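In: Quick one: sequence plus predicted model below, questions after.
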Amino acid sequence: MNVKFINPFLEGTISVLKTMAFVEPKPGKPYLKTDSLARGDISGIIGLTGSATGSLALSFSEAAILKIVSNMVGENIKTMNDEIKDAVGEITNMISGVARKNLEVDGFYIQAAIPTVVTGKNHSITHVSGGQSLIIPFEIAEGKFVVDVSLNE
């Protein structure tokens, strides 16, 4: 995977979560994923096609997503529910949109499918490209989440 695909997803994640959830996600060091195991308790996955193809997955720990969605809706949500699932799909869509807009600057025109949300401990994520994916880990005070992207020219 080309390293020029990293920054648009990093910037998109920080921008969306600062604006929509009022949190300051701190990125960690990106690394190549060597398995299909999700790094969180709930994941949003979206297919990407166009001048580059692949998919984006966001995997959140339960504590992180409860805080993010609580901030977004202005009330304290304490358990995983349908509202959380809907929000994960929408967050995935928004981050994908910002990243795709940023990629247009480099001449990549990419369309996105409708996000799918998967929940449960130890669920797996298989990217549509079948290739390796890059994990960008993030942390907020309440927990961790990752951006898991596989995009090929």
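Out: Sure thing, it's come through. Predicted, not measured: the structure shown is a model, and the values here were computed from it.

In: CA only for contacts and neighbour counts going forward, please
Out: Noted.

In: Identify the single longest helix in the chain, thanks.
Out: For the chain, the helix that runs over the most residues, judged by DSSP state H, is helix 82-104.

In: Return the set of buried residues in the following helix or strand past that helix.
Out: Sequence-wise, the next helix or strand downstream of helix 82-104 (DSSP states H and E) is strand 110-112. For strand 110-112, burial by neighbour count (16 or more other C-alpha atoms under 10 Å) applies to I110, A112.

In: Who are the packing partners of strand 110-112?
Out: Packing contacts for strand 110-112, counted by 3 or more C-alpha pairs under 8 Å, 6 or more residues apart in numbering; DSSP states H and E, involve strand 42-50, helix 82-104.

In: rerun at 7 Å
Out: The contact analysis (3 or more C-alpha pairs under 7 Å, 6 or more residues apart in numbering; DSSP states H and E) places strand 110-112 against strand 42-50.

In: Sheet-wise, list the partners of the strand it packs on with their directions.
Out: strand 53-60 (antiparallel), strand 110-112 (antiparallel), strand 116-119 (antiparallel) (DSSP bridges).

In: Count the neighbours of the residue lying closest to I42 once chain neighbours are set aside for me.
Out: Leaving aside its chain neighbours, I42 sits nearest to T119 (4.3 Å; criterion: C-alpha to C-alpha, 6 or more residues apart in numbering). Residues lying near T119 (other C-alpha atoms under 10 Å) number 18.

In: what about T119, distance to N102?
Out: Separation of T119 from N102 (C-alpha to C-alpha, to the nearest Å): 29 Å.

In: try A112
Out: From A112 to N102 the distance is 14 Å (C-alpha to C-alpha).

In: was I right about G40 contacting F145?
Out: Yes - look at G40 against F145 with C-alpha atoms under 7 Å: they come within range, at 6.4 Å.

In: Before I go, just wanted to say thanks for your time.
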